[in-house]
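S.K.: whatever this is, show me its structure:
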Amino acid sequence: MGGGVMKKASGGRRRRGRGARHQAMAEINVTPMVDVMLVLLIIFMVAAPMMTVGVPLELPKTAAKAVPTEQEEPLTVSLQLDGTVSMMNSPVPMEELVGRLQAVAQERESDKVFLRADGGIEYARVVEVMGALNAGGFANITLVTDAGGPTLSGKPAGEQ
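M.R.: This is a model prediction of the structure:
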């Protein structure tokens with residue numbers, strides 16, 4: 001046979017002594033965390049517009065600009081087409097409105113209130129509720145409308 005020397009094939013492995021241990025990988029896989037954060041972002045983007053005061057009204061359209069928001073959650077009083085008055089989401093009988101407003105006014109820093117009234121309501125009824133708001137301690141009354149409505153010129157707000 002040949003006179004060549006045969007080498008033992010070890011496969012590149014080294015034998016470690018008894019005290020040697022495997023070291024853990026020190027990397028963190030952030031891909032699942034990024035995926036979860038993106039899903040949460042999408043959920044909040046979809047849910048945020050639905051978190052407004054929930055009394056359904058057909059607000060009148062005007063050319064007025066939006067009122068800047070404040071730090072304190074604004075008090076909202078809604079007047080529905082059937083005459084129902086609601087503070088935030090709770091219906092309130094007209095006889096109890098002034099008393100409840102006075103109790104709320106003592107707890108709040110601001111005297112600002114948002115009045116949302118359906119566009120089909122008579123003007124006299126809206127003024128009656130405004131008088132109750134004033135008697136309840138809220139002198140700063142903001143009427144809520146939908147933007148993009150007609151202006152004094154008769155044209156929609158964007159076409160002036």
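
S.K.: show me where the protein has helices.
M.R.: 31-47, 94-107, 123-135 (DSSP state H).

S.K.: need the ones you listed in a markdown table with distance to Gln80 and mean pLDDT, can you?
M.R.: (C-beta placed from N, C-alpha, C; glycine too.) Formatted as a markdown table, the helices of the chain follow (distance: least, CB to CB, whole Å; pLDDT from 0 to 100):
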| stretch | distance to Gln80 | mean pLDDT |
| --- | --- | --- |
| helix 31-47 | 25 | 90 |
| helix 94-107 | 12 | 87 |
| helix 123-135 | 11 | 89 |
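
S.K.: which one of these lies nearest to Ala64?
M.R.: Distance to Ala64, taken as CB to CB, is lowest for helix 123-135 among those, at 16.1 Å.

S.K.: reformat the helices of the chain as a markdown table; add mean neighbour count.
M.R.: Below are the helices of the chain laid out as a markdown table (neighbours: other CB atoms under 10 Å):
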| stretch | mean neighbour count |
| --- | --- |
| helix 31-47 | 10 |
| helix 94-107 | 14 |
| helix 123-135 | 15 |
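
S.K.: let me have the ones you listed in CSV, extended by distance to Thr62.
M.R.: Converted to CSV, the helices of the chain look like this (distance: least, CB to CB, whole Å):
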stretch, distance to Thr62
helix 31-47, 28
helix 94-107, 25
helix 123-135, 14
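
S.K.: list the contacts for the residue nearest to Pro60 when sequence neighbours are not counted?
M.R.: If the residues on either side of it in the chain are set aside, Pro60 comes closest to Gly119, at 3.9 Å by CB to CB, 6 or more residues apart in numbering. Shown in contact with Gly119 (CB atoms under 8 Å, 6 or more residues apart in numbering): Glu58, Leu59, Pro60, Lys61.

S.K.: so which of those residues is the closest to Ile42?
M.R.: With CB to CB as the yardstick, the closest approach to Ile42 among these comes from Leu59, at 28.5 Å.

S.K.: tell me, how many residues neighbour the residue lying closest to the closest one once chain neighbours are set aside?
M.R.: Excluding its sequence neighbours, the residue lying closest to Leu59 (CB to CB, 6+ apart) is Asp146, at 4.6 Å. As a burial measure, Asp146 scores 13 neighbours (other CB atoms under 10 Å).

S.K.: could you measure from Asp146 over to Met87?
M.R.: Noted for Asp146: a distance of 21 Å to Met87, by CB to CB, to the nearest Å.

S.K.: before I go, just wanted to say thanks for your time.
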